[in-house]
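1. Return atomic coordinates for the entry below.
(2 chains)
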There are 2 protein chains.
Amino acid sequence: MADAPVTAALLVIGDEILSGRTKDVNIGATADFCTDLGIDLMEVRVVADIEDEIVAAINALRVRYTYIFTTGGIGPTHDDITADAVAKAFGVALPIHPEARRMLEARWAQSGTEPNEARLRMARIPEGADLIVNSVSAAPGFRLENVHVMAGVPVIMRAMLEALAPTLKGGRRVKSVTIRSRVGEGSIGGPLGALQTRFPEVKMGSYPQMGQTQVLTELVLRSADDALLAEAAEAVRAMVAEEHVRAGLPATVETA
Amino acid sequence: MADAPVTAALLVIGDEILSGRTKDVNIGATADFCTDLGIDLMEVRVVADIEDEIVAAINALRVRYTYIFTTGGIGPTHDDITADAVAKAFGVALPIHPEARRMLEARWAQSGTEPNEARLRMARIPEGADLIVNSVSAAPGFRLENVHVMAGVPVIMRAMLEALAPTLKGGRRVKSVTIRSRVGEGSIGGPLGALQTRFPEVKMGSYPQMGQTQVLTELVLRSADDALLAEAAEAVRAMVAEEHVRAGLPATVETA
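-> You can find the predicted model right below:
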């Protein structure tokens, strides 16, 4: 492979996800974002608003992957402790960042909001970090080494991801082909496994679709090598066509 | 506290979640399930279909929490390696389980499906594990010590959770009160922090609601102690009413 893979982990911080009160959508958004950039999202963790847990997760992940993204816990209230945890994980101070303060004050002046201690919490940025612009509500995120700290509110988080994109190096762009089998996983499991062995550079996943009126299994082939991907897709398509015929179905195989 | 807390972690297994192809809904379902039973879901991890990653996550989590739930990777195809990983994590064999085989064969006989090696993979159960009944598609999950292995397909996963419920011990039933503030987090952050300090047994979270026509901050108070929860909720309500008046709004505070 010409390019080394670029990897990432996402750390979702927040009691509200673990209690079920808020249903996370940031995992899916980050996954799509990484896939688009050719970054392999390797792991996601969700932890509670407990400083030691956040510190431990950041330190476990930041040495393993090219990029770490975090969402949640950067607001003005007492349960927003992500900046504290990142500062602790890196062993650096957490002073008021002059530029972050200016960004917030500009927004406050605009909206007639009075500064106070709670609001100023949002300008506390670990020493040595760069700011991530927040085009929605001004309070910035930040990047310290490979750790990118973003808001938990999905619309802000997505705006921050967009702001980050030009600063990230993309990896091998992985392409995928989806092949729809009308016979179930149990029928194609054996031959599919044999094809996976034959094409080790093409990752083959099998996903049963439930609740359909007919059996449908989506086979997803992923590879950074276009030629190999096409060759493997043709082999899988031929195998599925054969299984269709064996099951008394038309040989036609839908791909996407 | 009379009862010790009962804790849990969820391990979501599957490349399709990390690539963004499938948007996970099992995290939210497990979170709701745990909250209903009084189990504290403390952590979630999402890992790829890589045996060593799954083994490491299971071994890291199973010693920390009362219960571990896993979703995904128990189907008949080569990328379904959760049973292998659990057997490896516990250092036990992975034989065909006679009862699992009977369950599958009964379903196959019903539907006229021919047994084959791929389908039989679904009857491989780590030595010493109990089966978790799958009322949807027959292929069972299993429980080995505190690790509960379930399907990734949401409808099957939820059926398995329901099957599991009577076997789990519930913990302190945590109740919650939601108080809706019409002023933003920046205004109430200070006084809310002071109230959190005054009521350490009541966990207070603050969640800004974006994209509304008016500012809205949901304050969620959670506690296993009903009397303390009521007292804290009254104090937070009074604080929010005061902040409403300060902002020129009606003193009325919505709770739920």
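
2. Up against chain B, what does the stretch 51-200 of chain A have?
-> A:53, A:75-80, A:113, A:116-119, A:121-122, A:136-137, A:153-156, A:176, A:184-190, A:192-193, A:196 (CB under 8 Å from any CB of the partner chain). Where C-beta positions appear, they are placed from N, C-alpha and C, glycine not excepted.

3. what about the strands in chain A?
-> Using DSSP state E, the strands of chain A run over A:6-13, A:39-47, A:67-71, A:130-132, A:141-144, A:147-150, A:175-181, A:203-209, A:216-223, A:254-255.

4. As CSV, those with distance to A:Glu242, mean neighbour count and mean pLDDT would be great.
-> Output for the strands of chain A, formatted as CSV (distance: least, CB to CB, whole Å; neighbours: other CB atoms under 10 Å in any protein chain shown; pLDDT from 0 to 100):
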stretch, distance to A:Glu242, mean neighbour count, mean pLDDT
strand A:6-13, 37, 24, 97
strand A:39-47, 33, 24, 97
strand A:67-71, 42, 28, 98
strand A:130-132, 51, 17, 97
strand A:141-144, 51, 24, 98
strand A:147-150, 47, 26, 98
strand A:175-181, 11, 19, 93
strand A:203-209, 16, 21, 88
strand A:216-223, 14, 21, 91
strand A:254-255, 15, 14, 90
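
5. Pipe those into a markdown table and attach distance to B:Val245 per row.
-> Output for those, formatted as a markdown table (distance: least, CB to CB, whole Å):
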| stretch | distance to B:Val245 |
| --- | --- |
| strand A:6-13 | 33 |
| strand A:39-47 | 37 |
| strand A:67-71 | 34 |
| strand A:130-132 | 35 |
| strand A:141-144 | 33 |
| strand A:147-150 | 34 |
| strand A:175-181 | 56 |
| strand A:203-209 | 55 |
| strand A:216-223 | 57 |
| strand A:254-255 | 62 |
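
6. distance of the residue of the stretch 1-150 of chain A found nearest chain B from A:Ile13?
-> Nearest residue of the stretch 1-150 of chain A to chain B (CB to the nearest CB) works out as A:Ala118 at 2.6 Å. Counting by CB to CB, to the nearest Å, the gap from A:Ala118 to A:Ile13 is 19 Å.

7. and what of A:Pro98?
-> Where A:Ile13 is concerned, A:Pro98 sits at a distance of 26 Å (CB to CB).

8. do the same with A:Gly38
-> Counting by CB to CB - A:Gly38 and A:Ile13 are separated by 26 Å.

9. do A:Val55 as well
-> With CB to CB as the criterion, A:Val55 and A:Ile13 are 11 Å apart.

10. Just the buried residues of the residues of the stretch 51-200 of chain A next to chain B.
-> Listed as buried from those are A:53, A:75-80, A:118-119, A:121-122, A:136-137, A:153-154, A:156, A:176, A:184-190, A:192-193, A:196; burial here means 16 or more other CB atoms under 10 Å in any protein chain shown.

11. Restricted to helices, list these.
-> Those of those mapping onto helices are A:53, A:118-119, A:121, A:154, A:156, A:185-190, A:192-193, A:196, per DSSP state H.

12. ok, the residue nearest to A:Ala247 when sequence neighbours are not counted - how many residues close by?
-> Excluding its sequence neighbours, the residue lying closest to A:Ala247 (CB to CB, 6 or more residues apart in numbering or on different chains) is A:Val183, at 5.0 Å. By other CB atoms under 10 Å in any protein chain shown, 17 other residues sit near A:Val183.

13. Test my guess that A:Val183 contacts A:Val215.
-> Yes. In this structure A:Val183 lies within contact range of A:Val215 using CB atoms under 8 Å: 6.4 Å.

14. and the longest helix along chain A, anywhere near chain B?
-> Counting residues, the longest helix found in chain A (DSSP H) is helix A:226-246. No. Using CB under 8 Å from any CB, we find that helix A:226-246 stays clear of chain B, coming within 9.9 Å at best.

15. Dump the C-alpha coordinates for that helix into CSV.
-> Presented in CSV, the C-alpha positions along helix A:226-246 are these (Å, rounded to 0.1, in the frame of the first residue of the first chain):
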residue,chain,number,x,y,z
ASP,A,226,-9.7,0.1,-7.3
ALA,A,227,-8.7,-2.8,-9.6
LEU,A,228,-8.7,-5.4,-6.8
LEU,A,229,-12.1,-4.1,-5.6
ALA,A,230,-13.6,-4.5,-9.1
GLU,A,231,-12.2,-8.0,-9.5
ALA,A,232,-13.4,-9.1,-6.1
ALA,A,233,-16.8,-7.5,-6.7
GLU,A,234,-17.2,-9.4,-10.0
ALA,A,235,-16.3,-12.7,-8.2
VAL,A,236,-18.8,-12.0,-5.4
ARG,A,237,-21.5,-11.1,-7.9
ALA,A,238,-21.0,-14.3,-9.8
MET,A,239,-21.1,-16.3,-6.6
VAL,A,240,-24.4,-14.6,-5.5
ALA,A,241,-25.9,-15.1,-9.0
GLU,A,242,-25.1,-18.8,-8.7
GLU,A,243,-26.7,-19.0,-5.2
HIS,A,244,-29.8,-17.2,-6.6
VAL,A,245,-30.2,-19.8,-9.3
ARG,A,246,-29.6,-22.6,-6.8
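
16. Fine by me, thanks again.
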